[in-house]
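Novice: got a structure for you, letters missing:
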């Protein structure tokens, strides 16, 4: 007897007990669904975080006063000296492995005006140096970016993201027009290429002005960020060491003491994110495994019932020539098919949850093929392990006893 | 010689007590014989039928079926012999309730690996032989008792077995339907099949050519039926 026959028998048997079969499947469905949905969320989140972080240009690291991710409260870092333009200039002057050293400082939640139109108060204003464009992975759509002269002469010029452009200049070319930032007039000199949103936050609501003008506008008591692009991937570490040395010197950090500033790279953040999701992943796998074991016990139970109910059928089959292994395979394949059906349903529901999350939140759905394959292999294994007992019981039945069974 | 039973004994162990069911049976059956086995309950006729049908093996003695010694075969070897040599017809029909008549008849062929197309053709022919060509796709619960027994006979025939072994085949049927079934057996016998019939009804047994009467685990009488009653 071949597998095809056993498969047909299994489908017939499962379909003739639809309610019972579907209740049994529930555990498998939940287990597989959990694996697929969690994997979709985590992978989707990771992809989008990765995309965002890689916006920090390649070979770029950033220096700032406060750590990006820190434990405990910020008090520990508050007494550090602010980072200033002079610090950035020192790095630019001295770090031989650095290609571009930028200085930038941010102010969030501002609004800007053009004639009678104004934006929502969610614009992000950056004071920047010319290196900002490359070091932050932006590109220019039109016009020019901030130049060294703009910075040197504190010029009132600005480069707009696509969002303020759409709001303020729906029908005209913004280049050369004057917008008002905090009541001061700024001439638009360039427009940034659209970047899209990340985790619900737009990245097109940026307005870039020269960092010197920024300090005149908002006061100079904010700590700036320094972005450094190494000349090559090979020089990345050297560049980082040089920067640390230079900053320690100009900030007069005594030898043996910790840095009073933080350096981070995209890779570091990625690593942090992976560590965080690893825990979530382990928990999800644990939940799924428990669900699958419970489901396996359910399958075993239902198969035992099925074997007992069908004792007479087993007797009939044996009397007309079914061997032990024929009966064994029949019930084993029934158990595997049962759990595979649950697995396939679970995969589709899991994929559906991923898509639903994609529709409702900014997290994209992403299910790697190996997760689906793993899910199906898991199901077969569960069916096999928990089906072997009942199937063996069926295979060992004595045909005379089985035929007599009422 | 198709069947040779030499000094067959069968002893059951019930707890610590040994219960002898057969105490030395010597019977030979030739090809194309039509034999009835009779006896009161407890006479050992079920045990003998199980042994002849290769569902069970004797405690002692040698059973030669079609020149194979089946006395010491393993479960799986017996299954193969049953598939090839024996067609069972049971009192309670023993059809698979969820399968069509056709699928029930195909079943023995599934277990010997006959390819699907050939299997279907053979099963259809067997059903035609018992006059059920128009009921092939009905399930057992859509068929009358007589029709169910015909399906069971078709299933017994489909493999061209050496013996058709019928255990009280008319026990669950009214007498008119029972007669119809007995006519089928007679037709089968006339076309060359060997039939062994287990019954406790004298008038059923008289359809056969030879009656073996058992009592207390031994053959009490083994005689030819001289005159057939209609």
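Specialist: Perfect, thanks for sending it. These numbers were taken from a predicted model, which means no experiment stands behind them. Numbers count the residues shown, from 1 in each chain, chains lettered A, B, ... in the order given.

Novice: Spell out which residues of chain A are next to chain B.
Specialist: Proximity of chain A to chain B (C-beta under 8 Å from any C-beta of the partner chain) is limited to residues A:1-2, A:5, A:12-13, A:16, A:312-313, A:315-326, A:399-400, A:403. Where you see a C-beta, it was placed from the backbone N, CA and C, and this is true even at glycine.

Novice: From those residues, list the buried ones, please.
Specialist: Listed as buried from these are A:1, A:5, A:13, A:312-313, A:315-324, A:326, A:399-400, A:403; burial here means 16 or more other C-beta atoms under 10 Å in any protein chain shown.

Novice: my read: residue A:323 touches residue B:77, true?
Specialist: No. Counting by C-beta atoms under 8 Å, residue A:323 sits too far from residue B:77 to count as a contact (9.1 Å).

Novice: helices or strands up against the longest strand along chain A?
Specialist: When chain A is parsed with DSSP state E, its longest strand is strand A:98-110. Other elements packing on strand A:98-110 under the criterion 3 or more C-beta pairs under 8 Å, 6 or more residues apart in numbering or on different chains; DSSP states H and E are helix A:85-94, strand A:123-128, helix A:132-135, helix A:211-218, strand A:225-230, helix A:236-250.

Novice: Which one, of the ones you listed, ends up nearest to residue A:205?
Specialist: Residue A:205 lies closest, by C-beta to C-beta, to one member of the helices and strands packed on strand A:98-110: strand A:123-128, at 5.3 Å.

Novice: Where does the prediction get shaky in the chain?
Specialist: Since you didn't name a chain, this refers to chain A. In the predicted model of chain A, residues A:1-2, A:52-57, A:69-72, A:197-201 satisfy pLDDT under 70.

Novice: oops, chain B please
Specialist: Low-confidence segments of chain B, defined by pLDDT under 70, are located at B:227-230.

Novice: In contact with residue 89, which residues are there?
Specialist: You didn't say which chain, so I picked chain A. For residue A:89, the contacting residues are residue A:103, by C-beta atoms under 8 Å, 6 or more residues apart in numbering or on different chains.

Novice: Chain B is the one I meant
Specialist: If you count contacts by C-beta under 8 Å, 6+ apart, residue B:89 has them with B:149, B:152-153, B:156, B:164-167, B:169.

Novice: picking up where we left off before, okay, the helices and strands packed on strand A:98-110 in TSV with distance to residue A:290 next?
Specialist: Converted to TSV, those look like this (distance: least, C-beta to C-beta, whole Å):
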stretch	distance to residue A:290
helix A:85-94	53
strand A:123-128	45
helix A:132-135	47
helix A:211-218	55
strand A:225-230	46
helix A:236-250	44
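
Novice: show me where chain B has helices.
Specialist: B:45-52, B:75-85, B:101-111, B:116-129, B:145-157, B:175-190, B:202-205 (DSSP state H).

Novice: For chain A, which of the ones you listed is the nearest?
Specialist: Proximity of these to chain A was assessed by C-beta to the nearest C-beta; the nearest stretch is helix B:75-85, lying at 2.4 Å.

Novice: Contacts for that closest one, please.
Specialist: Residues external to helix B:75-85 that are found in contact with it (C-beta under 8 Å, 6+ apart): A:318-325, B:53-55, B:57, B:65-66, B:68, B:70, B:73, B:88, B:108, B:111-112, B:159, B:161-163.

Novice: Residue of the stretch 251-400 of chain A closest to chain B, please.
Specialist: For the stretch 251-400 of chain A, C-beta to the nearest C-beta, closest residue to chain B: residue A:321, 2.4 Å.

Novice: which residue sits closest to that residue, ignoring its sequence neighbours?
Specialist: residue B:83 (2.4 Å; C-beta to C-beta, 6 or more residues apart in numbering or on different chains).

Novice: Most remote residue from the middle of chain B, which is it?
Specialist: Note on chain B: the largest C-alpha distance from the chain mean falls to residue B:16, namely 32.3 Å (C-alpha atoms, centre = their mean).

Novice: Let's test this: what are the backbone torsions at that one?
Specialist: Recorded main-chain torsions at residue B:16 are phi -100, psi 0, according to degrees, to the nearest 10.

Novice: For it, give its distance to residue B:23.
Specialist: 20 Å (C-beta to C-beta, to the nearest Å).

Novice: Could you give the bridge partners of residue A:202?
Specialist: Residue A:202 has the following beta-bridge partners by DSSP bridges: residue A:197.

Novice: Next, count neighbours for it.
Specialist: Other residues lying near residue A:202 total 16 when counted by other C-beta atoms under 10 Å in any protein chain shown.

Novice: right, and it touches residue A:163 too?
Specialist: Yes. Between residue A:202 and residue A:163 a contact is recorded at 6.2 Å, counting by C-beta under 8 Å.

Novice: For the spatially most central residue of chain B, list the residues it contacts.
Specialist: For chain B, the residue sitting closest to the mean C-alpha position, by C-alpha atoms, centre = their mean, is residue B:165 at 1.2 Å. Residues in contact with residue B:165, defined by C-beta under 8 Å, 6+ apart, are B:49, B:52-53, B:86-89, B:156, B:196, B:198.
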